[in-house]
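>>> Below: sequence and its predicted model.
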Amino acid sequence: MIHVLKYAFMLSALLLSATLFGQIKTYKSIEETRGNEANVIKLSLMAQELEEIPAEVFKLKNLKFVSFKDNKIKEIPADIGQLTNLVYLDFTNNNIEEVPSEIGHLKNLGFLGLGNAASDAKVKNTGNKIAELPDELFELTALRKLDCSQLRLEEIPDEIGQLINLEELFLSSNLLEELPGSIGKLTKLKNLGCSGNALKEIPREIGKLTELQWLWLGYNDLSKLPATLNQLTKLSSIYLKGNQFTRIPKVLTELPALTKLNMGRNKITILPEELNSMTQLEVLSLDDNYLKAVFDKINNLKNLKRLDIKNNGVSTEQFRKMQSTFPNTKIYYSVRVKG
């Protein structure tokens, strides 16, 4: 599911580039730019086995879009700060360990990709290994999308709150144990990815993110959610798989726009009565828990398109009732094997 998030992110990035650059010519090699330096606005050097950024790139003063994705680049030179017209900069899947302070010169940047979009096994051997973000990065107040997923970040500084125009922020698969309260200042945020960390709680300031539509918190160490979460009246999807919940937090049942709820692979033994009032739900995942009674807590959810109750203690009789009650719902069912 984490990778589904990545694909959604890449799609949104492509849409951003299409909006910003339309049909402008994309140069695909340094050789192609020679003699046309003043005309180069888009440059894609993706997947070219590059170990360093060609020096010629820094002479392209009108460059707005550049991708170095899927290379072997080990260093971002300070010269990156010369490309002050950049609005799109992608270093996804390289071998970078440090981001220079000169990144702060790119005041027009709307998209910055520093993360990895590969399998976990591959990232351990290759991929960016950034452990800290420079203070200057948080001066890029034009940023709308920031990808720092699958890195080695141990903390996110309070200065993240300065990126007030962010709409998408991806921090999944790092080493984070907490999120700063200043994240509540990102009031334009629509998509927040923090799966695969070591979060034990979510700051109450998250309730200020009233534009949020997608929230990814899977595979952390969460057992509760702040009551302020019910202020997220536009939230349509929340991913909480692989945590420590023993019950579905009541605050989730208070979200009027929620259509997708994933509470799989937790420690839930009983469902709340309030769940049956969430008639807007279309996808409900409760797989790999310890549930026995399910049917009577969901039988009003007539809009369900997908229901996952695999690996619980749900009886075959209940399953048959669900099939009859939800003839148009795809139901995933199996009984937990004792062992």
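Looks like it arrived, so ask away.

>>> for the stretch 1-150 of the chain, what spans make up the strands?
Listed in chain order, the strands found in the stretch 1-150 of the chain under DSSP state E, counting those that start in this stretch are 26-27, 42-44, 65-67, 88-90, 111-113, 145-147.

>>> for L261, phi and psi?
L261 adopts backbone torsions of phi -130, psi 120, taken as degrees, to the nearest 10.

>>> try Q162
Residue torsions, per degrees, to the nearest 10, at Q162 are phi -80, psi -20.

>>> Which residue lies closest in space to it, excluding its sequence neighbours?
Nearest-residue entry for Q162: F138, 4.8 Å, with adjacent residues in sequence omitted and distances by Cβ to Cβ, 6 or more residues apart in numbering. Backbone N, C-alpha and C define where each C-beta goes, glycine included.

>>> give the contact list for that neighbour.
Under the criterion of Cβ atoms under 8 Å, 6 or more residues apart in numbering, the contact partners of F138 comprise P157, E159, I160, Q162, L163.

>>> Kindly report the domain assignment for this protein.
As recorded under automatic domain parsing, the domains making up the chain are 25-152, 268-339.

>>> Let me know the pLDDT of the residue nearest the centre of the chain.
The residue at the geometric middle of the chain, judged as the C-alpha nearest the mean C-alpha position with Cα atoms, centre = their mean, is G193 (3.0 Å). As summarised for this prediction, G193 has a pLDDT of 98.

>>> wait, it sits on S149?
Yes: counting by Cβ atoms under 8 Å, S149 is a contact partner of G193 at 6.5 Å.

>>> tell me, what's touching those two both at once?
Looking at what touches both G193 and S149 (by Cβ under 8 Å, 6+ apart), the common residues are F170, L171, S172.

>>> so where is the stretch 51-200 of the chain shaky, pLDDT-wise?
Applying pLDDT under 70 to the stretch 51-200 of the chain picks out residues 118-125.

>>> Mind listing what's buried along stretch 211-230?
211-220, 222, 225-226, 228-230 (16 or more other Cβ atoms under 10 Å).

>>> quick one: it to chain centroid distance?
Averaging C-alpha coordinates over stretch 211-230 and over its chain gives two centres that are 13 Å apart (Cα atoms, centre = their mean, to the nearest Å).

>>> what do you get for stretch 86-106?
Remark: stretch 86-106 is offset 19 Å from the chain centroid, using Cα atoms, centre = their mean.

>>> Mind listing what's buried along it?
Within stretch 86-106, the residues that qualify as buried by neighbour count (16+ other Cβ under 10 Å) are 86-94, 96, 99-100, 102-106.

>>> How far does it stretch from one end to the other?
Between the opening and closing residues of stretch 86-106 lies a distance of 7 Å (Cα to Cα, to the nearest Å).

>>> Could you do stretch 286-305 as well?
According to Cα to Cα, stretch 286-305 extends 14 Å from its N-terminal end residue to its C-terminal end residue.

>>> K267 reaches G242, doesn't it?
No: K267 is beyond contact range of G242, at 10.8 Å (criterion: Cβ under 8 Å).

>>> Between these two, which is the more surrounded one?
Regarding K267 and G242, a neighbour count based on other Cβ atoms under 10 Å identifies G242 as having more, with 22 against 13.

>>> sec struct for the more buried one, please.
Here G242 takes the coil state, with states given by DSSP: H, G, I helix; E, B strand; the rest coil.

>>> Tell me who's in contact with it.
When the contact criterion is Cβ under 8 Å, 6+ apart, the partners of G242 are G218, Y219, N220, G264, R265, N266.

>>> which of these sit farthest apart?
The most widely separated members of the contacts of G242 are N220 and G264, with 13.7 Å between them, by Cβ to Cβ.

>>> re the thing from before, mind putting the domains of the chain into JSON lines with distance to R247?
As requested, the domains of the chain are exported to JSON lines (distance: least, Cβ to Cβ, whole Å):
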{"stretch": "domain 25-152", "distance to R247": "29"}
{"stretch": "domain 268-339", "distance to R247": "6"}
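
>>> Spit out the contact partners of the closest residue in space to Y333 that isn't next to it in sequence.
Of all residues beyond its chain neighbours, the one nearest Y333 is F319 (4.9 Å), with distances taken as Cβ to Cβ, 6+ apart. By Cβ under 8 Å, 6+ apart, the residues touching F319 are I309, I331, Y333.
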